[in-house]
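Undergrad: Quick one, what's the 3D model for this:
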Amino acid sequence: MKKISSVFILFVVVIGLVIPNFALAARENEQDNPFETPEKYVSYLKSFGDTYDEFIQQYSELSKEKQEVILDVLQNGGNFDVELTENSIQSNEKHRYTRATVQTRPVSFDADFRLFGITFVKIRLEGRFEYSNQRVTSVQYKNAYIVQNFVPLSGFERTSLDAYVSDGKFYASAAFTAFVGAKIGDNVIGVRPRTFNIELNSDYRGNVNGHAW
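TA: Residues are numbered from 1 along each chain as shown. Here you go, the predicted structure:
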C-alpha cells in the first residue's frame, strides 16, 4: 500500500511540473509569433541585423492597416502584385541577321512579387537560343532562380523548369514553391506554401514578352 501511495505521489509531482512547463511553452510560442503585430514583425526582421533594412523602412512607412494586411498575407496566404522587368544582356557575339549564319542570343526576365509597392521576392528566368533565317532554331540554355528575398523565407524550391522552340520563337517557364514563415528556434510559424510562376517568350531578335503570377 505504501509503495502504491509513493508511486501516486511521484506521479502527481511529475504532472505538476510538466503541465506548467507546457503552458509556459505555449505562452512563449504565442508571444514569439512575429506575425501577431507589426511591431513584433519589425523586431523579428531586425534580429537578422541589417539584412532586411530596406524592407523594414518601406514597411514602417505604410499605414498600420496595410501593415496588418501584409502580415495576414505572409502568414495565411494571399495574392501579390507582379512587376516584370526585361534584363538587358550584352552578348559577346555579333548578331548578324543574315540568312546563312547561325547565331545565339541570351534573354532574361525578372519578376518582382510585390504588395503596396514593396517587393517581397525577385525571381529571374533566363535562357539562350540559336537562331537562323530569322527564326529561333534551338534551345542552348535555360535557368531560373531567386535573385533576392526581401523577407525571410523558411524554404524555397524550384519545382519546374522548361524551355522549347515553337513556330520560330523561344519559350521558357519555371515554377517555385516558397515557404514564407518565421523560424523561431526549432519551430517554424506561419508556413503556408505558395507557388510563384514565371514565363517568357522571345523572337529571334530578342523581343521578349513575359508573364508571372
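Undergrad: Please determine how far the residue nearest to Trp213 when sequence neighbours are not counted is located from Ala212.
TA: Closest residue in space to Trp213, ignoring its immediate chain neighbours: Asn197 at 5.4 Å, by CB to CB, 6 or more residues apart in numbering. Just so you know, the C-beta spots here come from the backbone N, C-alpha and C atoms, and that holds for glycine as well. Distance of Asn197 to Ala212, computed by CB to CB, to the nearest Å: 6 Å.
Undergrad: What is the helix or strand harbouring Leu84 packed up against?
TA: Following DSSP states H and E, one finds Leu84 within strand 81-86. Using 3 or more CB pairs under 8 Å, 6 or more residues apart in numbering; DSSP states H and E as the contact test, the elements touching strand 81-86 are strand 103-115, strand 208-212.
Undergrad: And the strands in the chain, which stretches?
TA: Taking DSSP state E as the test, the strands found in the chain are 81-86, 103-115, 118-132, 135-149, 155-166, 169-179, 182-184, 187-189, 193-202, 208-212.
Undergrad: Quick one: those strands as JSON lines, columns for distance to Ile70 too.
TA: Below are the strands of the chain laid out as JSON lines (distance: least, CB to CB, whole Å):
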{"stretch": "strand 81-86", "distance to Ile70": "12"}
{"stretch": "strand 103-115", "distance to Ile70": "6"}
{"stretch": "strand 118-132", "distance to Ile70": "8"}
{"stretch": "strand 135-149", "distance to Ile70": "15"}
{"stretch": "strand 155-166", "distance to Ile70": "19"}
{"stretch": "strand 169-179", "distance to Ile70": "15"}
{"stretch": "strand 182-184", "distance to Ile70": "13"}
{"stretch": "strand 187-189", "distance to Ile70": "15"}
{"stretch": "strand 193-202", "distance to Ile70": "14"}
{"stretch": "strand 208-212", "distance to Ile70": "19"}
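Undergrad: Export the ones you listed as JSON lines, with columns for mean pLDDT and distance to Asp50.
TA: Output for the strands of the chain, formatted as JSON lines (pLDDT from 0 to 100; distance: least, CB to CB, whole Å):
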{"stretch": "strand 81-86", "mean pLDDT": "90", "distance to Asp50": "25"}
{"stretch": "strand 103-115", "mean pLDDT": "95", "distance to Asp50": "21"}
{"stretch": "strand 118-132", "mean pLDDT": "95", "distance to Asp50": "17"}
{"stretch": "strand 135-149", "mean pLDDT": "96", "distance to Asp50": "14"}
{"stretch": "strand 155-166", "mean pLDDT": "93", "distance to Asp50": "21"}
{"stretch": "strand 169-179", "mean pLDDT": "93", "distance to Asp50": "23"}
{"stretch": "strand 182-184", "mean pLDDT": "67", "distance to Asp50": "18"}
{"stretch": "strand 187-189", "mean pLDDT": "67", "distance to Asp50": "23"}
{"stretch": "strand 193-202", "mean pLDDT": "92", "distance to Asp50": "26"}
{"stretch": "strand 208-212", "mean pLDDT": "94", "distance to Asp50": "29"}
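Undergrad: Please name whichever of those is nearest to Leu62.
TA: Evaluated over the strands of the chain, closeness to Leu62 peaks at strand 118-132, with 7.7 Å, by CB to CB.
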